[in-house]
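1. fold the stuff below for me.
(one chain, ligands or ions: 1)
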Amino acid sequence: MSQRSTAEPPARRFPGVEIRALSYPDLPQVIAIERRVFPTPWSLAMFVLELSKQSGICLAAVDEGGLVGYMICSRYDTVWHIMNIAVDLDRQQRGIASALLAELYRRVGEETARFTLEVRRSNAVAIHLYEREGFRAAGTRRRYYQDNGEDALVMWRTPATLGGTLDDVPNPGPV
Ligand SMILES: CC(C)(COP(=O)(O)OP(=O)(O)OC[C@H]1O[C@@H](n2cnc3c(N)ncnc32)[C@H](O)[C@@H]1OP(=O)(O)O)[C@@H](O)C(=O)NCCC(=O)NCCS
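-> Model prediction:
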């Protein structure tokens, strides 16, 4: 069973990797990567729930060795919320996360789309990636991460952030 099985766009090739829809049979490999890269990994049930949402976009990055990365994005009203993105440890820093995001923007297909996410303040690699992608910090969620009480930075990628302002970001706050 694959997500959005009726009108699924074809897979797209990026240098060294193919990006296609994530589906239920991928989940054992997703869980294995998730446990390698996150201190508090998502459960299988969380991935199943996200895959079951018809309005979401969930992508897999695959190379000749199998699944190497994934991204989960949910739509809430008019906003796309990137819930999870990860690349396996030995495949990082090759542009795979950027390829996943590029395919997300393409599938959303609206120039006015707004994307948001939360990221640990200490996650310099991810913050660097998101800033390169046009995301800007626009708020803080205090003690968002229960494992260590760390704050989350709330980041947005919108037409305004791509133009250098926060004008269309809802309720921007101190960062
Ligand atoms: C964040 C993550 C998804 C990025 O995946 P990736 O495929 O390595 O990303 P890319 O190769 O597209 O880009 C990585 C960028 O970070 C940069 N980078 C690498 N190490 C860095 C460091 N120590 N400090 C700052 N930037 C760093 C790379 O140079 C690259 O940027 P550049 O292209 O401008 O040079 C991956 O590191 C990961 O899975 N981390 C663990 C899970 C996680 O934290 N997910 C995000 C949760 S919000």
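
2. Ile31: neighbour count?
-> 15 (other CB atoms under 10 Å). From N, CA and C alone the C-beta is placed, and that goes for glycine too.

3. just the pLDDT at it, thanks.
-> We have a pLDDT of 98 for Ile31.

4. need the contact list for Asn148.
-> Contact analysis of Asn148 by CB atoms under 8 Å, 6 or more residues apart in numbering lists Pro39.

5. quick check: Phe14 touching Arg94?
-> No - here Phe14 lies out of contact with Arg94, judged by CB atoms under 8 Å, at a distance of 9.8 Å.

6. in terms of helices and strands, where is Phe115?
-> strand 114-120 (DSSP states H and E).

7. tell me the strands beside that strand, with direction?
-> Strand 114-120 has the following strand partners under DSSP bridges: strand 79-87 (parallel), strand 150-157 (antiparallel).

8. which one of those lies closest to the ligand?
-> strand 79-87 (3.8 Å; CB to the nearest ligand atom).

9. in the closest one, what's buried?
-> 80, 82-87 (16 or more other CB atoms under 10 Å).

10. output these in JSON lines, with distance to Tyr70 and pLDDT appended to each entry.
-> Formatted as JSON lines, these follow (distance: CB to CB, whole Å; pLDDT from 0 to 100):
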{"residue": "Trp80", "distance to Tyr70": "16", "pLDDT": "98"}
{"residue": "Ile82", "distance to Tyr70": "12", "pLDDT": "98"}
{"residue": "Met83", "distance to Tyr70": "11", "pLDDT": "98"}
{"residue": "Asn84", "distance to Tyr70": "7", "pLDDT": "98"}
{"residue": "Ile85", "distance to Tyr70": "7", "pLDDT": "98"}
{"residue": "Ala86", "distance to Tyr70": "6", "pLDDT": "98"}
{"residue": "Val87", "distance to Tyr70": "8", "pLDDT": "98"}
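
11. just those residues that are near the ligand?
-> Counting by CB under 6 Å from any ligand atom, 85-87 from the buried residues of strand 79-87 sit close to the ligand.

12. need the residues you listed in CSV (columns: distance to Met155).
-> Formatted as CSV, those follow (distance: CB to CB, whole Å):
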residue, distance to Met155
Ile85, 12
Ala86, 17
Val87, 18
